[in-house]
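Colleague: Have a look at this prediction, sequence included:
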Amino acid sequence: MRHFPPRRIVCLTEETVETLYLLGEQDRIVGVSGYAVRPPRVRREKPRVSAFISADIPKILALQPDLVLAFSDLQADIVADLVRAGVAIHVFNQRDLAGILAMIRTLGAIVGATERADQLATNFERRLASIASTPRPAPRPKVYFEEWDDPLISGIGWVSELIEIAGGEDVLPKLRFQQAARDRIISPDTVRDTAPDVILASWCGKKVVADRIRKRPGWSGIPAVHNDRIVEIKSPLILQPGPAALTDGLDAIVKALWPGQS
């Protein structure tokens, strides 16, 4: 890293972009993921240099970053190319709520905003605790979360935790401990047998088609299908492990589970 705190940061995923904006450190960002949409102004202000598992390496190098922020093994090939080019990298790998909060605090320390980051994370912790302690009528609705439709993939760690904070019961809670998507592939019969009251779907970058879910063989008797409680949550709100999931993502889950309450 040529400077500390780094002056020229490239963010290869959305959550670090949003966190830096929330910390007031957005001027350090010189390049972002094409999926970065929060805050909306980022699309006007910052050049896009990557998708999720691919990136324009020459474009990144031309920006002369002091630091590139990446996420998980899925970006390992991009990271390897940048490391070979002599770029400093920090790879986050948060998979649960504690990890998201740690990411915020770590990123704050990296950019010299330790106190602001700690305050931001503390505010999120209070928000989660407040929503978790909100009285809800019994019984807790049983919830199935679908990340992908073919094959069926469920069970992201932080989403499972957010479902519980929102007052729901994740019907496949053990999947939250599986990091790789291939380890969270499930059969349609497995979902049918859990009889969820609510189906939440976020098909990683493509629009959810509720009618396709309804028409799956054997699913017509699932309470969520029978009672028309299939709810799409937009990918940018729930599939990135960062501030969006703790705010608008959680609010969307609460609204889906408790539509009659404010």
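Modeller: Arrived safely, thanks for sending. Numbering: from 1, shown residues only.
Colleague: quick check: mean pLDDT across the lengthiest strand in the chain?
Modeller: For the chain, the strand that runs over the most residues, judged by DSSP state E, is strand 142-149. Average pLDDT, strand 142-149: 96.
Colleague: quick one: buried residues of it?
Modeller: Lys142, Val143, Tyr144, Phe145, Glu146, Glu147, Trp148, Asp149 (16 or more other CB atoms under 10 Å). Using the backbone N, CA and C atoms, a C-beta is placed for each residue, glycine as well.
Colleague: Quick one: the helices in the chain, in order.
Modeller: Counting by DSSP state H, residue ranges of the helices within the chain are 14-22, 42-45, 57-62, 76-84, 97-110, 114-132, 157-165, 188-194, 210-214, 223-226, 235-238, 243-244, 250-257.
Colleague: deepest of those helices, which one?
Modeller: When you average the neighbours per residue for each of these (mean count of other CB atoms under 10 Å), helix 14-22 leads with a mean of 25.
Colleague: Would you mind writing the CA trace of that one as PDB?
Modeller: In PDB, the C-alpha atoms belonging to helix 14-22 read as follows (Å, rounded to 0.1, in the frame of the first residue of the first chain):
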ATOM      1  CA  GLU A  14     -21.100  -3.400  -3.600                       C
ATOM      2  CA  GLU A  15     -21.000  -3.600   0.200                       C
ATOM      3  CA  THR A  16     -17.600  -2.000   0.700                       C
ATOM      4  CA  VAL A  17     -18.800   0.800  -1.700                       C
ATOM      5  CA  GLU A  18     -21.900   1.500   0.400                       C
ATOM      6  CA  THR A  19     -19.900   1.300   3.700                       C
ATOM      7  CA  LEU A  20     -17.300   3.900   2.500                       C
ATOM      8  CA  TYR A  21     -20.100   6.300   1.500                       C
ATOM      9  CA  LEU A  22     -21.700   5.900   4.900                       C
END
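Colleague: and that helix, what other elements does it pack with?
Modeller: strand 9-11, strand 29-33, strand 67-71, helix 97-110, helix 114-132, helix 243-244 (3 or more CB pairs under 8 Å, 6 or more residues apart in numbering; DSSP states H and E).
Colleague: angle of the fifth one against helix 157-165?
Modeller: Think helix 114-132. Angle, helix 114-132 to helix 157-165, by axes from the mean of the first three to the mean of the last three CA atoms, to 10 degrees: 50 degrees.
Colleague: Now do helix 114-132: everything it contacts.
Modeller: Helix 114-132 is touched from outside by 19, 22-24, 97, 100-101, 104-105, 107-109, 164-166, 243, 246-247, 250, 254, with contacts defined as CB atoms under 8 Å, 6 or more residues apart in numbering.
Colleague: repeat for the last one
Modeller: Contacts to helix 243-244, defined as CB under 8 Å, 6+ apart, come from residues Glu14, Glu15, Glu18, Thr19, Leu22, Arg38, Ile104, Phe124, Pro236, Leu237, Ile238.
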